[in-house]
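J.: Need the 3D shape of this:
(one chain, ligands or ions: 1)
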Amino acid sequence: MRVTRRIAICLPIAAMGLSLVAGGAAAQNAAPSPTPQDTIKIGVVIPMTGVQGAVGREISDAIKLYVAQHGDIVAGKKIELIFKDDGGVPDNAKRLAQELIVNDKVSFLGAGLTPSAMAMAPMATEAKVPTVVLVSGTSVVTERSPYYVRTSFTLGQQAGIIADWAIKNGSKKAVSILSDWAPGAEAGKVFEQSFSKGGGQILDTLKVPLANPDFSPFLQRAHDLQPDTLFVFVPAGEAGTFARQFAERGLDKSGIKLIGPGDIVDDDDLPLTGDALLGVVTAGIYSATHPSQLNKEYAAAYQKASGHRANFISVGGYDGITLIYEALKKTGGNTDADTVIGAMKGMKWESPRGMISIDPRTRDIIQNVYIRKVQKVDGQPWAIEFETFPAVKDPLKEAVN
Ligand code: PHB
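T.: Below you'll find the predicted structure:
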């Protein structure tokens, strides 16, 4: 790894006609550090503070891990990462993206939560900055700029599959509890369409405020309606609070099946949920227990570097920086937006979550969706995969386009 990296640094310098002094360590020390033209800046706008602060930690830990593993030189250019905290506030994201483009002259942006990613899109378009959507799970985000490419997920990818699974497994009457913002609305829409199409009945749709959620009254209402199935979407970071209130209301022992997209069993929160979520079945894009060799190594390295379990958010960051590195290798370090986006379209590689690719038509991620059940292994709850739906596209784009 080291040798390859040194060659990668030296070759372009030699090609530029600069001479290097003697080999070995001396050469490394004497090699001129990359000039500003040889540096590629990547500006990542994520929430590091506020209710969704865990998301920023997960994304930045994963990106830093990738760079620690692969080095900070690619295609002869030095990679410089700049992380900016938008606190989950779209106006901040817009201002920070502007500063990153105008002052820092970034060649790439990383976008976080849906409202922030929406707010940044016009700037990415105008300044022609290739932007990797690292977190947002809302379908429409990738349509907001021709320079947006997604490595996260969509809620629709997971919600339709869990609806079909529930119908197949005897669910007839469902209540939805949805975090009240764009990804919640999409999760609910796709779930309810598929569930109804399968002959199921939606008894009610309950919307919970995003900030400082108190699920208790909604859980009580859901319980009173006596559904056989409860479909829940809460975003990353809220699964712990949800699980506690779910158990406090006795719903874990009520016989009502709890299902959802993967967010409800977020690996970052699962270790804190005790027995509350045991048996919960979800359709998700990543589990820390995904049984591939690559994921075993990734999850162990992430845990070691960050002190947390790898989760479905961090893998979006890891794959986002992978996509940037691989695109730069393909373009030979050229950062022209159209060239970069052209290189990214159709790219396919093995992620810790399984094989993934970038749909050349929509610039959205195509990935496996797994059905998982929460089980205790070695005293801790984990989402254990037992069925795979390969190469799933965003169903909302498929339906519209
Ligand atoms: C989003 O920003 O769309 C988002 C964030 C966290 C989630 C799901 C969706 O868990």
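
J.: The nearest residue to residue 245 once chain neighbours are set aside - how many residues pack around it?
T.: The shortest distance from residue 245 to any non-neighbouring residue, by Cβ to Cβ, 6 or more residues apart in numbering, is to residue 215 (4.5 Å). The way it works is simple: take the backbone N, C-alpha and C, and place the C-beta from them, glycine included. By the criterion of other Cβ atoms under 10 Å, residue 215 has 24 neighbours.

J.: quick one, what contacts residue 215?
T.: 177, 208, 234, 241, 242, 245, 246 (Cβ atoms under 8 Å, 6 or more residues apart in numbering).

J.: quick one, phi/psi of the third one?
T.: Residue 234 adopts backbone torsions of phi -130, psi 140, taken as degrees, to the nearest 10.

J.: Thought residue 57 was touching residue 311, still the case?
T.: No. Counting by Cβ atoms under 8 Å, residue 311 sits too far from residue 57 to count as a contact (10.6 Å).

J.: Between the two, which has more neighbouring residues?
T.: Each of residue 311 and residue 57 has its neighbours counted (other Cβ under 10 Å); residue 311 has more, 30 against 19.

J.: didn't residue 377 look like it was pressed against residue 384?
T.: Yes. At 7.4 Å, residue 377 and residue 384 qualify as touching, with contact defined as Cβ under 8 Å.

J.: anything in contact with each of those two?
T.: Between them, residue 377 and residue 384 share the contacting residues residue 289, judged by Cβ under 8 Å, 6+ apart.

J.: So which of those two has more stuff around it?
T.: The neighbour count for residue 377 versus residue 384, taken as other Cβ under 10 Å, is higher for residue 384 (17 against 9).

J.: Mind pulling up the pLDDT for the nearest residue to that one once chain neighbours are set aside?
T.: If the residues on either side of it in the chain are set aside, residue 384 comes closest to residue 375, at 5.0 Å by Cβ to Cβ, 6+ apart. Looking at residue 375, its pLDDT stands at 98.

J.: Then residue 375 would be within a helix, right?
T.: No. Applying DSSP: H, G, I helix; E, B strand; the rest coil, one finds residue 375 to be strand, outside a helix.

J.: is it true that it touches residue 278?
T.: Yes. Using Cβ under 8 Å, residue 375 is in contact with residue 278, at 6.9 Å.

J.: list the residues that contact both of the two?
T.: Common neighbours of residue 375 and residue 278 (Cβ under 8 Å, 6+ apart) are residue 381.

J.: Can you name the residues that contact the residue of the stretch 251-400 of the chain at minimum distance from the ligand?
T.: Relative to the ligand, the nearest point of the stretch 251-400 of the chain is residue 263 (4.0 Å; Cβ to the nearest ligand atom). Contacts here follow Cβ under 8 Å, 6+ apart; on that basis residue 263 touches 233, 234, 235, 236, 238, 239, 284, 312.

J.: same thing but at 10 Å, please
T.: By Cβ atoms under 10 Å, 6 or more residues apart in numbering, residue 263 lies in contact with 137, 153, 155, 158, 179, 183-184, 187, 232-239, 242, 269, 282, 284, 311-313.

J.: Phi and psi next, for it.
T.: Backbone geometry at residue 263, expressed as degrees, to the nearest 10, gives phi -60, psi -30.

J.: and residue 330, how many neighbours?
T.: Around residue 330 there are 16 residues (other Cβ under 10 Å).

J.: Enumerate the residues of the stretch 1-150 of the chain near the ligand.
T.: 113, 114, 135, 136, 137, 138 (Cβ under 6 Å from any ligand atom).

J.: List just the nearest of those to residue 250.
T.: The nearest member of these to residue 250, counting by Cβ to Cβ, is residue 137 at 30.3 Å.

J.: Tell me if I'm right that that closest one and residue 152 touch.
T.: Yes. Taking contacts as Cβ atoms under 10 Å, residue 137 lies within contact range of residue 152: 5.9 Å.

J.: which of those two has more neighbours?
T.: Legend: neighbour count by other Cβ under 10 Å for residue 137 and residue 152, higher for residue 137 (32 against 28).

J.: Would you verify that that one is located in a helix?
T.: No. Using three-state DSSP, the secondary structure at residue 137 is coil, not a helix.

J.: quick one, what contacts it?
T.: Taking Cβ under 10 Å, 6+ apart as the test, what residue 137 contacts is 113-114, 150, 152-158, 182-184, 186-187, 233, 235-236, 261-263, 285, 312-313, 316, 394.

J.: Just the endpoints, please. Distance across stretch 127-134?
T.: 19 Å (Cα to Cα, to the nearest Å).

J.: meant to ask about stretch 327-336, not that
T.: 11 Å.

J.: buried stuff in that stretch?
T.: 327, 328, 330, 331, 335 (16 or more other Cβ atoms under 10 Å).

J.: And stretch 200-208, by the same measure?
T.: 200, 202, 205, 206, 208.

J.: nearest to the ligand, of those residues?
T.: Comparing the buried residues of stretch 200-208 against the ligand with Cβ to the nearest ligand atom places residue 208 closest, at 13.7 Å.

J.: Correct me if wrong: the closest one contacts residue 188.
T.: No. With contact defined as Cβ under 10 Å, residue 208 does not count as touching residue 188 (11.4 Å).

J.: so residue 84 touches residue 95, yeah?
T.: Yes. With contact defined as Cβ under 10 Å, residue 84 reaches residue 95; the gap is 9.4 Å.

J.: Can you tell me how far residue 122 is from the ligand?
T.: 18 Å (Cβ to the nearest ligand atom, to the nearest Å).

J.: go on, residue 66?
T.: From residue 66 over to the ligand (counting by Cβ to the nearest ligand atom), the distance is 20 Å.

J.: show me the contacts for that residue.
T.: 298, 301, 302, 317, 318, 319, 320, 321, 322, 324, 325.
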